[in-house]
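In: Here is my input; please provide its structure:
(one chain, ligands or ions: 1)
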Amino acid sequence: MKKVILRNARIIDFPRLMFLRQDKEVSENLEHSSFVYFLLEIWKIITFNRPIRKVILANNQIIGIINLTKPKNHSSEIGYFLGKNYQGKGIATESVKQMVQFGFYKLKLNKIYAYCDPKNIASQKVLLKNGFIKKKNIGGKKFYFEKSIKNKVK
Ligand SMILES: CC(C)(COP(=O)(O)OP(=O)(O)OC[C@H]1O[C@@H](n2cnc3c(N)ncnc32)[C@H](O)[C@@H]1OP(=O)(O)O)[C@@H](O)C(=O)NCCC(=O)NCCS
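Out: Numbers count the residues shown, from 1 in each chain. Okay, here's the model as predicted:
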């Protein structure tokens, strides 16, 4: 696996991120199209609902992004994607590990959670390998996973 580095995302990173998520195999597992995604990100900035966003870097190149929503009651939702050419190399598993540590130790979160399509086996594996626990189905459409401060040490 390549060395994975997370750094705070900047507005100038978004054209590259939009390009990566245009790929059908990436976007079909994400809620919004590339363009809607960009508009929503701008909206979050304007409304001070800004998530903690970190781009995923390998060999100094942006290959994906990982987010924690703005914490509420010490709780935050995690989300991520990687460009198609960078998948299947353990990079998401390592990125989630780093972001979870950041969330618990730097942001002092008590709980990190994620929603996932039942068909998205790769994402479910990423969460399970990071010690997330599958709790329940949300309306039968999405799986819900969470990791709490009590099980933060894997
Ligand atoms: C989900 C995603 C982030 C996983 O990234 P990744 O770097 O490929 O994941 P990893 O390499 O860490 O692999 C995690 C596990 O999933 C497995 N996996 C990868 N692709 C798979 C697939 N299509 N079907 C089944 N398992 C798969 C890997 O083999 C690995 O399991 P293992 O450790 O038992 O071998 C990536 O596929 C992606 O960006 N998808 C599109 C966006 C998305 O789905 N985001 C999450 C929304 S909830």
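In: For the nearest residue to Leu57 once chain neighbours are set aside, give me its contacts.
Out: Distances taken as C-beta to C-beta, 6 or more residues apart in numbering place Ile5 nearest to Leu57, at 4.4 Å, with adjacent residues excluded. Quick note: C-beta positions are derived from backbone N, CA and C, even for glycine. Contacts for Ile5 were tallied using C-beta atoms under 8 Å, 6 or more residues apart in numbering; they are 56-58.
In: looking at those residues, which has the most residues close by?
Out: The most crowded member of the contacts of Ile5, judged by other C-beta atoms under 10 Å, is Ile56 (27 neighbours).
In: Output the helix or strand that that one is a member of as PDB, nothing but the C-alphas.
Out: In the assignment (DSSP states H and E), Ile56 maps to strand 52-58. Coordinates of each C-alpha in strand 52-58 appear next as PDB, following Å, rounded to 0.1, in the frame of the first residue of the first chain:
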ATOM      1  CA  ILE A  52     -13.800  18.800   8.500                       C
ATOM      2  CA  ARG A  53     -12.600  17.800   5.000                       C
ATOM      3  CA  LYS A  54      -9.200  16.200   4.300                       C
ATOM      4  CA  VAL A  55      -7.900  15.300   0.900                       C
ATOM      5  CA  ILE A  56      -6.200  11.900   0.600                       C
ATOM      6  CA  LEU A  57      -2.800  12.200  -0.900                       C
ATOM      7  CA  ALA A  58      -0.500   9.500  -2.400                       C
END
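In: Take whichever helix or strand comes after it, keep the C-alpha atoms, and write them as CSV.
Out: Downstream of strand 52-58, the next assigned helix or strand under DSSP H and E is strand 61-68. Only the C-alpha atoms of strand 61-68 are listed here, as CSV (Å, rounded to 0.1, in the frame of the first residue of the first chain):
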residue,chain,number,x,y,z
GLN,A,61,-1.3,13.7,-5.7
ILE,A,62,-5.0,14.1,-4.6
ILE,A,63,-6.6,10.7,-4.9
GLY,A,64,-9.8,11.2,-2.8
ILE,A,65,-11.4,12.9,0.1
ILE,A,66,-12.6,12.0,3.6
ASN,A,67,-15.0,14.2,5.7
LEU,A,68,-16.4,14.4,9.2
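In: close to the ligand, is whatever helix or strand comes next after strand 61-68?
Out: For strand 61-68, the succeeding helix or strand toward the C-terminus, using DSSP H and E, is strand 75-82. Yes - applying C-beta under 6 Å from any ligand atom, one finds strand 75-82 touching the ligand at 80-82.
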